[in-house]
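[1] sequence-free structure coming up:
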């Protein structure tokens with residue numbers, strides 16, 4: 001490839017992180033807004049366009065870019081994606097001969113310059129050249145029309161040439177067939193990791209462009225429900241099987257969930273098996289910890305490792321049956337990809353070099369001081385045979401993807417190399433573009449963002465510990481900023497099998513109601529761990545851990561216990577599905593309320609045809625009230641106009657006027673208002689226009 005000096009400068013592209021090192025994230029149907037500084041030397045006018053295409057497809061789509069008003073050579077363009085696939089995009093800019101001629105002819109004509117014959121010939125030649133480009137593009141009609149206009153220009157006087165120069169038809173045709181012979185195109189240096197994931201790697205001389213990973217809709221809008229298959233029946237004396245899970249699935253479906261998330265379903269090792277409440281001594285018959293994966297000694301037909309299921313749950317055929325039943329109900333399965341090996345895992349005997357070793361040669365078990373995990377051996381991702389390990393773990397994910405699983409929750413990815421995840425996710429999504437990966441990384445913020453950039457579709461967040469109004473506003477303002485939202489998709493969880501927050505331990509049923517509203521409405525994708533709907537809050541003393549956790553035992557439950565909030569969660573999920581404003585994340589806005597104990601926020605579609613205003617109490621103990629300041633600019637009405645707010649939780653309607661309006665909330669009776677706004681149509685009792 002021969003390079004020449006750029007004729008136009010293209011710089012400061014936004015969004016673009018680390019020089020295009022990481023792909024942006026979008027959902028099928030979403031738009032990408034791109035801006036850049038575009039300028040050149042001299043007085044010639046510049047034109048630019050945004051180009052995009054699916055990776056591997058030779059033909060580009062393109063859309064014109066426009067100068068930002070008062071933007072000091074800042075340009076803006078927009079494109080949209082309609083396939084679940086990787087895309088690439090770039091900016092092309094050039095010295096626009098036609099627009100330059102049009103501008104100069106206009107200036108000379110208005111200055112009454114007597115001789116414009118040379119300028120007239122130049123205009124005709126520009127149209128004739130565009131005709132040749134139209135012919136090359138096999139657009140004969142346009143080519144003929146351009147020749148016709150060129151002839152008219154040649155024969156016309158200055159007045160008619162001036163009119164022809166501004167003919168909308170000519171402007172459109174010249175923009176359609178621009179002279180790109182000396183155009184400048186933006187491209188990036190290849191990232192080093194691509195040598196691992198591209199087969200074969202592209203030569204360094206081949207231009208590379210910024211990329212966009214376009215995911216399917218459920219990657220952004222979904223409700224997850226987590227339960228342990230072995231506790232599906234809620235019995236404490238024995239475990240359930242895959243065939244016993246259907247009632248739990250149907251209950252989750254009735255509540256409005258669309259993803260069933262299973263912790264590891266693989267064989268559990270016997271060596272160093274943990275007992276009740278993480279006891280280091282396991283009593284006979286106790287089930288062990290599902291995260292201590294692998295037991296070749298159980299005689300599992302598929303080897304007893306990550307590509308097998310625990311015999312006590314059933315067979316792979318039983319799993320396939322359950323997967324089919326879940327899909328038949330319009331739901332999906334998410335599997336936990338926990339890269340942990342019990343001492344009985346086949347890898348231990350077949351590939352001992354994949355593990356860490358003590359000075360005496362024995363394999364080290366996992367530790368997170370002061371915690372010890374004697375039943376788990378961590379893998380060494382930088383061992384001498386690292387590529388074989390990386391390929392094998394990728395094979396595991398592909399194994400389940402080929403069985404029909406397309407969603408994977410990854411356990412503790414921050415304890416593995418970023419390059420490994422970039423390698424694995426790229427390999428899997430090359431075969432399964434619809435694969436979704438959730439990063440379970442409660443770690444340093446920069447590492448959480450780095451994992452998202454490395455390819456994780458969704459990410460756990462610190463929402464679990466953000467309880468005050470100030471904390472929530474500060475945290476979600478950060479999450480919705482372009483620096484984060486182009487890569488990081490928050491999947492909110494109010495609880496997990498590992499985490500029972502203090503607020504839920506102490507705040508009673510009202511705390512669960514409050515967190516349910518925040519969890520379901522702040523982000524379009526969220527999940528709950530089973531027991532949340534029952535307001536389970538028994539904890540180990542002075543810890544954020546469940547008492548009698550089902551990680552270590554079968555869990556006894558009454559799935560219909562009095563005081564449950566299943567109906568409330570069902571209502572929230574129904575509201576989520578029926579309101580498109582809740583299907584995206586970047587549209588979250590916080591607004592003033594004259595109370596430190598009430599959070600007031602909005603969600604609105606780009607077209608503003610669906611607007612929700614949410615007021616939720618931050619106090620699970622006492623009634624709270626305050627004046628909310630409604631963002632009238634979102635409604636499109638003045639301060640003296642009346643509009644209706646419809647509470648989707650209670651079906652009550654209120655007439656509000658202006659920006660300042662009063663709300664009152666109660667922990668037991670009304671923890672929140674979820675208002676859908678109706679704009680006044682003809683008179684105060686007619687609200688046909690529903691936002």
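    Right, received. Where do you want to start? Keep in mind the model is a prediction, meaning the values are calculated, not measured.
[2] what ranges do the strands span in the stretch 401-550 of the chain?
    Using DSSP state E, counting those that start in this stretch, the strands found in the stretch 401-550 of the chain span residues 407-411, 436-440, 458-459, 525-529.
[3] save those as TSV, and put in mean neighbour count, distance to residue 500 and mean pLDDT too.
    For glycine as for every other residue, the C-beta is placed from the backbone atoms N, C-alpha and C. As requested, the strands of the stretch 401-550 of the chain are exported to TSV (neighbours: other CB atoms under 10 Å; distance: least, CB to CB, whole Å; pLDDT from 0 to 100):
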stretch	mean neighbour count	distance to residue 500	mean pLDDT
strand 407-411	23	18	98
strand 436-440	26	16	98
strand 458-459	24	21	98
strand 525-529	25	9	98
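[4] out of the ones you listed, which comes closest to residue 216?
    Of all those, strand 436-440 sits nearest to residue 216, with 7.7 Å by CB to CB.
[5] returning to that earlier point: now distance to residue 232 too, for the strands of the stretch 401-550 of the chain, in CSV please.
    Output for the strands of the stretch 401-550 of the chain, formatted as CSV (distance: least, CB to CB, whole Å):
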stretch, distance to residue 232
strand 407-411, 18
strand 436-440, 22
strand 458-459, 25
strand 525-529, 14
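[6] by mean pLDDT, which helix or strand of the chain comes out lowest?
    Ranked by mean pLDDT, DSSP states H and E, the weakest helix or strand in the chain is helix 194-197, scoring a mean of 44.
[7] quick one: mean pLDDT over the helix or strand just after that one.
    Of the helices and strands lying after helix 194-197 in sequence (DSSP states H and E), the nearest is strand 211-215. The pLDDT scores in strand 211-215 average 97.
[8] so which elements touch strand 211-215?
    Helices and strands touching strand 211-215, by 3 or more CB pairs under 8 Å, 6 or more residues apart in numbering; DSSP states H and E, are strand 24-27, strand 86-95.
[9] closest one to residue 478 among those?
    It's strand 24-27; of the helices and strands packed on strand 211-215, that one is closest to residue 478 (CB to CB) at 16.8 Å.
[10] strand partners (parallel or antiparallel) of that closest one?
    Partners of strand 24-27 in the sheet, by DSSP bridges, are strand 211-215 (parallel).
[11] mind checking how far the partner strand is from the chain centre?
    The chain centroid and the centroid of strand 211-215 are separated by 10 Å, computed with CA atoms, centre = their mean, to the nearest Å.
[12] mind listing residues that contact whatever helix or strand comes next after it?
    Following strand 211-215 in sequence order, the next helix or strand is strand 222-226 (DSSP H and E). With CB atoms under 8 Å, 6 or more residues apart in numbering as the test, strand 222-226 has contacts from 252, 255-263, 334, 491, 496-497, 520, 524-530, 573, 576.
[13] now do the buried residues in strand 222-226.
    222-226 (16 or more other CB atoms under 10 Å).
[14] and if you look at stretch 96-114?
    Quick answer for stretch 96-114 (16+ other CB under 10 Å): 96-102, 105, 108-109.
[15] which of those residues lies closest to residue 548?
    residue 96 (72.2 Å).
[16] what's near enough to touch that closest one?
    Per CB under 8 Å, 6+ apart, neighbours of residue 96: 44-47, 178.
[17] against residue 443, how distant is the most centrally placed residue in the chain?
    By CA atoms, centre = their mean, the chain has its centre lying nearest to residue 489, at 3.8 Å. Applying CB to CB, to the nearest Å, the value for residue 489 to residue 443 is 17 Å.
[18] swap in residue 669?
    39 Å.
[19] give me the more crowded residue out of those two.
    Comparing residue 669 with residue 443 by other CB atoms under 10 Å, the one with more neighbours is residue 443, at 16 against 10.
[20] thought the more buried one was touching residue 414?
    Yes. Between residue 443 and residue 414 there is a contact at 4.3 Å, judged by CB atoms under 8 Å.
[21] which residues do the two both contact?
    Joint contacts of residue 443 and residue 414 (CB under 8 Å, 6+ apart) do not exist.
[22] rewinding a little: what's the closest of the helices and strands packed on strand 211-215 to residue 35?
    strand 86-95 (9.6 Å).
[23] I'd like the next helix or strand past that closest one.
    Downstream of strand 86-95, the next assigned helix or strand under DSSP H and E is helix 97-110.
[24] which helices and strands does that following helix pack with?
    If you count contacts as 3+ CB pairs under 8 Å, 6+ apart, helix 97-110 packs onto helix 117-136, helix 158-165, helix 168-176.
[25] how many residues are close by the closest residue to residue 66 other than its chain neighbours?
    Leaving out its chain neighbours, the residue that sits closest to residue 66 by CB to CB, 6 or more residues apart in numbering is residue 76, at 6.0 Å. As a burial measure, residue 76 scores 17 neighbours (other CB under 10 Å).
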